[in-house]
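Below are the sequence and a predicted model; questions follow.
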Amino acid sequence: MTITRRAILALSAAAFAAPAFAQDWPTEPVHVYVGFPAGSSPDLLARIVTEPLAEKLGQPIVVENKPGAGGVIGIQQMLANAEGGHAIGTSINGPLTTSPRLVPDLGYDVAAYIAPIALVATSPLVLAVAADSEAADLQGFVDLAKAEPGALSYGSVGQGSGAHLTAELFDAEAGVEMLHIPFTSYAEVTTSIIGHEIDAGFMAPSAAMPQVEAGKMRMLGVTSAEPFAQVPDVPVIAGNAGVPGDFKAELWNAFIAPAGTDPAVIERLNTEINAILSDETVQQKLLDMGWQAAGGSADDLAARIGADTAMWGAVIDRIEAAK
């Protein structure tokens, strides 16, 4: 479903023409829109937070799964159902940072239509190769890539995916050139790495770990700024093998609301979500799924959206210039 700019603005204005005070909100069940199917990672992240959040708010929370367009449909549906002020959403980073460049007729402007609430969790990617790869470590991999530009291939889960853009960022920062082979799932990427159809892939640690534990793959580096707790022995890419020390590429998940939401409601939601994320049981649940609990202010999330939009926009510019 694509909704027009005029429709979104009208709905947002209607939803918050008479804003409720935070202490009186919510007055009915809250609907949380998730742009992915039930059982997916974004869906499970949302439910880990919304279960205790419902208790704190004193109203039921209904998770509305609206999959499609890489999470974009979920945001569109949140905006389309904004009337009444009880619709919020969760989103991965793509629909808020790269989709404005990659999805035609997006139907919303992030800065104009979205109110950040709180960053929930982050997850790095790992550079994975076959266990018998000639590259013993990150330096060896970079050396191989530099020796014959374009000879090494990597797989991703599709054009414009986080895995694809991360690899392109790595190419630029490491000064190498690799051949991109898009797939539709991490399972296909790992199978192709193990079968030596491609040389490498950037993927979620949880996607690589089963094959690493089976002795079929190795992880050469992680894209977070610091070692990641799920794979603590995997070195960070930043500052190694000639890659600049500020190299960082992470997936993330966040709570958002329609623009125009009462700031006091945003503040209350932010406070409650941060309290939930500080719970060690919740942190462990997230880590077991391959995510690091985050948190922070709504302004922190807004800054993250802006910084990542600029970073990935530059990567997309380089890709388009090379066509």
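Arrived safely, thanks for sending.

all helices for this protein, in order.
Applying DSSP state H to the chain gives helices spanning 5-15, 41-57, 72-80, 94-97, 99-102, 110-113, 138-147, 162-174, 186-194, 205-213, 263-277, 280-288, 298-322.

out of those, nearest to Asn65?
Comparing those against Asn65 with Cβ to Cβ, the closest turns out to be helix 41-57 (6.1 Å). Glycine gets a C-beta too; all of them are placed from N, C-alpha and C.

Mind listing what's buried along the closest one?
Neighbour-count burial for helix 41-57 flags 41-50, 52-54, 57 (criterion: 16 or more other Cβ atoms under 10 Å).

which one of those sits closest to Pro263?
Sorting the buried residues of helix 41-57 by how near they are to Pro263, with Cβ to Cβ, puts Leu57 at the top with 17.0 Å.

pretty sure that closest one contacts Glu272?
Yes - taking contacts as Cβ atoms under 8 Å, Leu57 lies within contact range of Glu272: 7.0 Å.

about what we covered before: can you say which of the helices of the chain is nearest to Pro235?
helix 138-147 (6.8 Å).

hey, C-alpha coordinates of that closest one in CSV?
Taking Å, rounded to 0.1, in the frame of the first residue of the first chain, the C-alpha atoms of helix 138-147 are listed here in CSV:
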residue,chain,number,x,y,z
LEU,A,138,41.6,-10.2,7.4
GLN,A,139,45.0,-9.1,6.2
GLY,A,140,45.3,-12.1,4.0
PHE,A,141,41.9,-11.5,2.5
VAL,A,142,42.7,-7.9,1.7
ASP,A,143,46.0,-9.0,0.2
LEU,A,144,44.2,-11.5,-2.1
ALA,A,145,41.6,-8.9,-3.1
LYS,A,146,44.3,-6.3,-4.0
ALA,A,147,46.4,-8.9,-5.9
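
So what touches that helix?
With contact meaning Cβ atoms under 8 Å, 6 or more residues apart in numbering, helix 138-147 is reached by 127, 129, 133-135, 151-152, 174-178, 200, 220-221, 235, 237, 240-243.

Just give the closest residue to His196, not the sequence neighbours.
Ranked by Cβ to Cβ, 6 or more residues apart in numbering and with sequence neighbours excluded, the top spatial neighbour of His196 is Ala130, at 6.2 Å.

partner residues bridging the one you found?
Per DSSP bridges, the residues bridged to Ala130 are Met217.

Burial check on it, number of neighbours?
Other residues within reach of Ala130, judged by other Cβ atoms under 10 Å, total 20.

residues touching it, list them.
The contact partners of Ala130, taken as Cβ under 8 Å, 6+ apart, are 193-194, 196, 199, 216-218.

do Ala131 as well
215-218 are the contacts of Ala131 under Cβ under 8 Å, 6+ apart.

For it, give me phi and psi.
Main-chain torsions, Ala131, degrees, to the nearest 10: phi -60, psi -30.
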